[in-house]
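**Q** Give me a model of this one.
(2 chains)
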There are 2 protein chains.
Amino acid sequence: MNSNYTHLGKKEWGKLIQLFKSPEDEDSRATLVQHMGQILFGLQDFLKKNVGVTEEISLLKISKSFQDTVVNEKPENRMAEVITDIIEEIAPQAVNVSSPYFVGHMTSAIPFFMIHLKSIVAALNQNVVKLETSKVVSLIERQVIAKIHRILYDQSESFYKEHVQSITTTLGVFTEGGTAANMTALWVARNTMLKPRNNFEGVEEQGLLEAYKEYNIERSVILVSKRGHYSLRKIGGILGIGSKNVISVDVDSKHRIDLNHLNSTIAELQKKNIGIIAVVGIAGATETGSIDPLKELSSICKKNDIHFHVDAAWGGPTILSSKYRNLLDGIELADSVTIDCHKQFYMPMSCGMVHFKNPDHMKVVEYHAKYIIRPGSVDLGIKSFAGSREANSLILDSSLKILGKDGYSMLIDHGIELAKDFAKEINKRDDFQLITAPVLNILTYRYCPVKIQQKLKKADHDSLKNINEVLNEINISLQRLQREAGNSFVSRTEFCDLRFKDVKNVVLRTVLMNPLTNIEILNNILDEQKNLVKESDELIELYNKLDL
Amino acid sequence: MNSNYTHLGKKEWGKLIQLFKSPEDEDSRATLVQHMGQILFGLQDFLKKNVGVTEEISLLKISKSFQDTVVNEKPENRMAEVITDIIEEIAPQAVNVSSPYFVGHMTSAIPFFMIHLKSIVAALNQNVVKLETSKVVSLIERQVIAKIHRILYDQSESFYKEHVQSITTTLGVFTEGGTAANMTALWVARNTMLKPRNNFEGVEEQGLLEAYKEYNIERSVILVSKRGHYSLRKIGGILGIGSKNVISVDVDSKHRIDLNHLNSTIAELQKKNIGIIAVVGIAGATETGSIDPLKELSSICKKNDIHFHVDAAWGGPTILSSKYRNLLDGIELADSVTIDCHKQFYMPMSCGMVHFKNPDHMKVVEYHAKYIIRPGSVDLGIKSFAGSREANSLILDSSLKILGKDGYSMLIDHGIELAKDFAKEINKRDDFQLITAPVLNILTYRYCPVKIQQKLKKADHDSLKNINEVLNEINISLQRLQREAGNSFVSRTEFCDLRFKDVKNVVLRTVLMNPLTNIEILNNILDEQKNLVKESDELIELYNKLDL
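**A** You can find the predicted model right below:
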């Protein structure tokens, strides 16, 4: 007993260290297991009830209960009370992302077993920064990274035998999520373009100014279509090239990168002696689910000696579907690929991955330390942005075993085919206009009566703009009112009009990844929207402005 | 039913969607709860047995079992089998970081209730990137950030009332861990130093080269003592200033930053017109636990108008101890502070935080997107490096309720006082030499017989170097052999000799955060080391070289 170290006395200390021990007696064990039951089913029972997304007014009210900023001196609650409190007080005010009516974002239901797997990760509490704190779990991470790499790149058996557990090479790394994965890829690309030569030690060591001097350039850029994720600009800012130097390339009518515009942009940049760090192809755009022509992008990158990164944070797992994997044709030509595990691998928050075709590529971001991750060790921390890191690989590995490729394939197929059916349904209806047809399981549409659609087709710039302004107001209110009603949830975004680029169209967006969502539910959501326009004073007023 | 969308038939689909549903019948529920029992106690029972850290040869052998890189088409295992497999096959080959004999790294035992709390986070699966996917949980994150901010900065009640739930200001943010937290602080510092002015839009928008032109500098640097965490160099590389421009300042004999050297370095840099982005003070160095003189650092930074960041990833929670909080005096003067939650807040992997004194400071890293995190919203994603992010704040908030300040205080006090006792014990023993006395709960020592210690005191450069080379070999082997024996674990690092800076001393390092570790256990560890030197052929040979 170390109670002599504490001024609070033996009793408190005794209680405290009990919290770190696995109880021996059956009763205490039973209680702890019972709490897990509460967590598993108490929460789930709430989660069945409603969607419960943010109502702006109620949120303001709720926020009044979260003002106290003093930490209590004494223990305030026992574990049992804290759990009950979360289930009874917090959960009902959280968002039921697992509801089949919650189809607005990329956060959705996860299989039940994921809660068990996350608990295992917490119970083992391995730190995969190095072998000394993770051992076999580091090997599992390398193995599952190789498994996904193999699905993506399909190299030879001997290639994987050589690299799966190799000390010197790396096929990829787990990250906190898509942003960190994309950053890792672009960090590697930046360092590769501005690598050491002559007396120059490389951009990583000496910084961008010295690198630009050595390579005789004034700027460096990253190219991605207008549908690129906003975090790419943030990454440009962080990496020191500037967020403005993440250049938006135009898209075609299907929201895929415009190859002509890309080619002309590259030619222009090269003429000006500007370095191109990477072209980012998108496999499943956040807003539209659209997929860039990856093969063509790869050819352009190869011809111009540019790093080709694919942001498949959303669409990556499509490769597990035998029916739809061809949508990702060309991904095997990418120098690096981002995939989010907490998206279509149906893992709990937060987990992403980035893979590199060339197992030596990540050497440009190696770091060592004397007390940890020494050179020549298998320590995973040597090449990752993060240091200490939880063993999420154990979850992905287990999930691949439980679901198999076939399980993931069914989930992917279901989403895509449900989205196609939903598109048909929208087209059938008089009140709605399909804006982006689904390639994957994402589509956008808006409230726009068919008569107005016809009017818009022939409208000149000014009248199109005027009508759209009203439509935008309607769709903004509609999305908010539906969200506040708490039965269902779609999100919204905006695009340029296809005819007049200066006109913005606000659209409603659905992401169909929950296997419990079906066409009846989607019909209910459309019905609810139609009714809102008819019944809400705010919307009736806007509707009347449409001048039908 | 959507079985029509799948080519695998109704039956498989039916099974699959069951995995997403909370079962209704008592039997299925009981089974799922039983699995949680397995996880809670099956794992714990293993964890009681041994430390099981890496044996290099056995690791090579183990790695042979993790070569298969093909993902199965069909489901391979049911959840029950996967859990059993992890408990029986994986866990015994993992590292028992929760053993009281595992005192080598900053990963240790966590209270039992953390597993429950992590399960809750997974079950709710909120995504705190925005309110629409987290609602009340975003408010809790803001509240708990404010609670820690208040402990650190102790501003007025009205200050916290104003900012705790404010839409426009931010007191801090949760991150994946210390690296991301430090990066966030230094990203903010870089952007603040190279902020927009005149026609210049700021470094974040336009990049470093344009910023250097505008501010008429040729380089920018970050200053930190030699004991700074290795990830700071990595951050320098990522942020584009270059890892070489993270400049190491000398330390005094107690491994605290040498203020004279800091002052002269700053003066020299200013003369050369080099920008100083930040001075990083360390509150709990990774290798020694030492704490820089924070008040003095703050004065120097204030005088020179430099951002003062404190890396308190390790030592931050010391502020919860009424007995030892004075060790962190001056932390309240820092512009930003990093604290890791998975370290001395005893949370499971991976979670960190960064706090900013000025609630407006983070505005220099704001990003928006149209479909999400729109301007003027309370969405937490606006100012965080990460996008999608799990609700770890719920764990910290609950843990503060369960343990109270007093609970954390006892844990902190125990570690520090145990370290002091351990230092006394080392000093008493003839075979060991204390290298760095503990300020917090970290100390370093080495195997070095007292006779050799006396010899070294009077030795000239060459003979000191020769003796040290043998000592280093002994301590490297000793650490490895102890690790491979699997009963206990200390880590190792190396420092410059205090008299001759070109001579390296390899030292053993202990981190005493597990409340179940006590002085008897530490004595056993020393005994084991002493016996290894006497009994292992490898060490006997080296010992004989010492020429006693």
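**Q** residues in the stretch 201-350 of chain A within reach of chain B, list them.
**A** A:201, A:203-210, A:212, A:218-219, A:229-231, A:233-234, A:236-245, A:286-287, A:320, A:323, A:340, A:342-343, A:348-350 (CB under 8 Å from any CB of the partner chain). Just so you know, the C-beta spots here come from the backbone N, C-alpha and C atoms, and that holds for glycine as well.
**Q** If any of these are buried, give me the ChimeraX selection for them.
**A** Restricted to buried positions by 16 or more other CB atoms under 10 Å in any protein chain shown, the ChimeraX selection for those reads:
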select /A:201,203,204,205,206,207,208,209,210,212,219,229,230,231,233,234,236,237,238,239,240,241,242,243,244,245,286,287,320,340,342,343,348,349,350
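**Q** what about A:K74, how many neighbours?
**A** Neighbourhood size, A:K74 [other CB atoms under 10 Å in any protein chain shown]: 10.
**Q** no no, A:D305
**A** Using other CB under 10 Å: A:D305 sits among 8 other residues.
**Q** From chain B, how far off is it?
**A** 22 Å (CB to the nearest CB, to the nearest Å).
**Q** and if you look at A:P111?
**A** For A:P111 relative to chain B (CB to the nearest CB), the value is 4 Å.
**Q** Spatially, what comes nearest to that residue if we skip its sequence neighbours?
**A** Excluding the flanking residues, the one nearest A:P111 by CB to CB, 6 or more residues apart in numbering or on different chains is B:L19, at 4.1 Å.
**Q** Go ahead and confirm A:K147 touches B:V70.
**A** Yes - applying CB atoms under 8 Å as the test, A:K147 and B:V70 come out as touching, 7.1 Å apart.
**Q** more neighbours, these two?
**A** A:K147 (21 against 12).
**Q** Is the more buried one within a helix or a strand, and which one?
**A** In the assignment (DSSP states H and E), A:K147 maps to helix A:136-153.
**Q** now that helix: mean pLDDT?
**A** For helix A:136-153, the mean per-residue pLDDT is 96.
**Q** Whatever helix or strand comes next after it near chain B at all?
**A** Moving toward the C-terminus from helix A:136-153, the next helix or strand (DSSP H and E) is helix A:157-163. Yes - Helix A:157-163 comes into contact with chain B (CB under 8 Å from any CB), by way of A:160-161.
**Q** neighbouring contacts of helix A:157-163?
**A** Outside helix A:157-163, the residues that touch it by CB atoms under 8 Å, 6 or more residues apart in numbering or on different chains are A:146, A:149-150, A:169, A:171, A:359, B:67, B:69.
**Q** I'd like the distance from whichever helix or strand A:S63 is part of to the chain centre, please.
**A** Per DSSP H and E: A:S63 is located in helix A:56-63. Chain-centre distance of helix A:56-63: 27 Å, with CA atoms, centre = their mean, to the nearest Å.
**Q** Listing request: residues of chain A with sub-threshold pLDDT.
**A** A:1-8, A:44-50, A:52-57, A:371-374, A:376 (pLDDT under 70).
**Q** for the stretch 251-400 of chain A, what spans make up the strands?
**A** Taking DSSP state E, counting those that start in this stretch as the criterion, the stretch 251-400 of chain A contains strands spanning A:275-282, A:307-311, A:336-340, A:352-356.
**Q** Pipe those into TSV and attach distance to A:C496 per row.
**A** Converted to TSV, the strands of the stretch 251-400 of chain A look like this (distance: least, CB to CB, whole Å):
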stretch	distance to A:C496
strand A:275-282	17
strand A:307-311	21
strand A:336-340	26
strand A:352-356	29
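**Q** residues in contact with the residue of chain A found nearest chain B?
**A** Across chain A, the shortest distance to chain B (CB to the nearest CB) belongs to A:G240, at 1.9 Å. Taking CB under 8 Å, 6+ apart, we find A:G240 in contact with A:207-208, B:203, B:207-208, B:239-241.
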